[in-house]
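Engineer: Quick one, structure for this:
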Amino acid sequence: MHSRQGFGVRGEVIKIRNKRTVALRLTVRQAHRPESVRGTLYVLTLTVLVLAVVGCSGSKVTTKSSAELPRYQIRTIALVPFTTLATPQVRDVVDQTFSAPPGARRSDMAISVPPNTEQPFRQTVTVPTGAGDIVTQLLWSRLMARQGMTVLSPGEAAKALASSATPQSPTGQLPAVTVAKQLKADASLIGQVLVYQERVGGRFGASPPATVGFEAKVVAADGQVLWEGNYYEKQRPMTEDFMGFIQRHGVFVTAEELAIYGVDHMLLEFPFGTVGEH
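Structural biologist: Next comes the predicted model:
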C-alpha cells in the first residue's frame, strides 16, 4: 500500500524593519500517515524579502520635508478642504505634454483606441467633486487623534476662506497663508485630488481597477512650504505589485479604500505631532 501525503502552505508576515523591508514566511507542510516510516511532519520554510523601491511605502507614497522645517514650531495646523483637479483628462490618447502625477506611468492614463476609425473617440474623465471631501475627511479623522498639536477643522478653514474674499484681502495671497492668518494658526494643510477613478467590476475582477492620486502640503503662515506628500496608485495584479497584492488580500478594492491607504501611509512621514494611543 502507498501512504497518503497531504501538503499545506501557510503565509505570514513575520517582520517589518524601518517600514522598508517585509519578511514573508511561507511554510509548506508535508503530512504522512501514522504508519509511514518516519511518521513525522516535514516542514520547509522559505523567507522572501520584499524591498520597497522608494521611501517608506515605495513609489506609491513620497514625502519631502523642507530644510527650513527645524526653524519653525508648529503647534496649530488648519486643515483646508482639499480641491479637485478640474481639467478633464483624455483617457485613450496620451499627449506627451500631459503632466502625470508623480509615481504614475503614462501607460496608466490611456486605453487602446479602436482600430479602423476615421475620427478616434477621445474619452475624457474628470475627478468627482466629492473626492476632495473624502480625502479631507479621512485626514481630519486621523489628525484629530494626533498628540502634541491642534488641528483646526475644515469647516473653520472654509469659513476663513469665505470671509477673506473682500476688497481688503491681499491680492495674490495663497489660500493656505490666508487661512493660517485668519485663524491665527502656525500653518495650513492644503491639497488637491488629481485622480479618483472607481473600479469597474467587483472585488474578484475589475477592469479598469480603481485609481487614486492626491498631493498635500503644509504651508507656514509666512508662506514657507514645510512639508509635501504625494500618493498615486492604480491597483495592479500580483505579478506587477506583490506587496500591494498581499496588502489588498488578493481582491480589487474601491477608490475610497485606496484613498484610506494613501492617507494612512502618507501620515507615517508626517513630521507634526505624534500618533496617539488607540
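
Engineer: got a list of what residue 78 touches?
Structural biologist: If a contact means CB atoms under 8 Å, 6 or more residues apart in numbering, then residue 78 has 151, 152, 156, 157, 160, 179, 180, 183, 185, 187, 188, 189 as its contacts. All C-beta atoms are positioned from the backbone trio N, CA, C, and that covers glycine.

Engineer: what do you get if the cut-off is 7 Å, keeping everything else the same?
Structural biologist: Shown in contact with residue 78 (CB atoms under 7 Å, 6 or more residues apart in numbering): 152, 156, 157, 179, 180, 183, 185, 188.

Engineer: cool, and residue 224?
Structural biologist: 66, 68.

Engineer: With the one 5 residues further on instead?
Structural biologist: Remark: with contacts taken as CB under 7 Å, 6+ apart, residue 229 is in contact with 63, 215, 216, 266.

Engineer: Do a quick rundown of the strands in the stretch 51-200 of the chain.
Structural biologist: Here the stretch 51-200 of the chain has its strands, by DSSP state E, counting those that start in this stretch, at 56-59, 61-65, 76-79, 83-84, 89-90, 124-125, 146-147, 150-152, 187-197.

Engineer: coming back round to it: with pLDDT added, can I get the contacts of residue 229 in TSV?
Structural biologist: Formatted as TSV, the contacts of residue 229 follow (pLDDT from 0 to 100):
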residue	pLDDT
63	97
215	97
216	97
266	96
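
Engineer: Of those, which pair is most distant in space?
Structural biologist: Greatest spatial distance among the contacts of residue 229 (CB to CB): 63 and 215, at 10.6 Å.

Engineer: Based on its surroundings, how many neighbours for the residue nearest to residue 180 when sequence neighbours are not counted?
Structural biologist: Closest residue in space to residue 180, ignoring its immediate chain neighbours: residue 221 at 4.0 Å, by CB to CB, 6 or more residues apart in numbering. Burial of residue 221 is recorded as 21 neighbouring residues (other CB atoms under 10 Å).

Engineer: Let me see the contact set for residue 221.
Structural biologist: By CB under 7 Å, 6+ apart, the contact list for residue 221 reads 177, 180, 181, 185, 186, 187.

Engineer: Okay, and which of those residues map to helices?
Structural biologist: 177, 180, 181 (DSSP state H).

Engineer: ok, so of those, who is nearest residue 74?
Structural biologist: Using CB to CB, these come closest to residue 74 at residue 180, 10.3 Å.

Engineer: gap between that closest one and residue 160?
Structural biologist: Distance, residue 180 to residue 160, using CB to CB, to the nearest Å: 9 Å.

Engineer: between those two, who's got more neighbours?
Structural biologist: residue 180 (27 against 21).

Engineer: what pLDDT does the residue nearest to residue 180 get?
Structural biologist: With respect to pLDDT, residue 221 scores 96.

Engineer: And for the one 4 residues further on?
Structural biologist: With respect to pLDDT, residue 225 scores 96.

Engineer: Select the helix or strand of the chain having the lowest average pLDDT value.
Structural biologist: Using mean pLDDT, DSSP states H and E, the weakest-scoring helix or strand in the chain turns out to be strand 41-51, at a mean of 35.

Engineer: number of nearby residues for residue 267?
Structural biologist: For residue 267, using other CB under 10 Å, the count is 20.

Engineer: ditto for residue 222
Structural biologist: 11.

Engineer: Please tabulate the strands of the stretch 51-200 of the chain in CSV, including the columns distance to residue 257.
Structural biologist: Shown next, in CSV, are the strands of the stretch 51-200 of the chain (distance: least, CB to CB, whole Å):
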stretch, distance to residue 257
strand 56-59, 15
strand 61-65, 15
strand 76-79, 22
strand 83-84, 19
strand 89-90, 22
strand 124-125, 19
strand 146-147, 22
strand 150-152, 24
strand 187-197, 12
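
Engineer: need the least confident one among those, by mean pLDDT.
Structural biologist: strand 56-59 (a mean of 51).

Engineer: just to revisit the earlier point, inside strands: which ones of the contacts of residue 229?
Structural biologist: Among the contacts of residue 229, the ones falling in strands (DSSP state E) are 63, 215, 216.

Engineer: Next, count neighbours for residue 152.
Structural biologist: Counted with other CB under 10 Å, residue 152 comes out at 21.

Engineer: Wait, it touches residue 186, no?
Structural biologist: No - using CB atoms under 7 Å, residue 152 makes no contact with residue 186, being 10.4 Å away.
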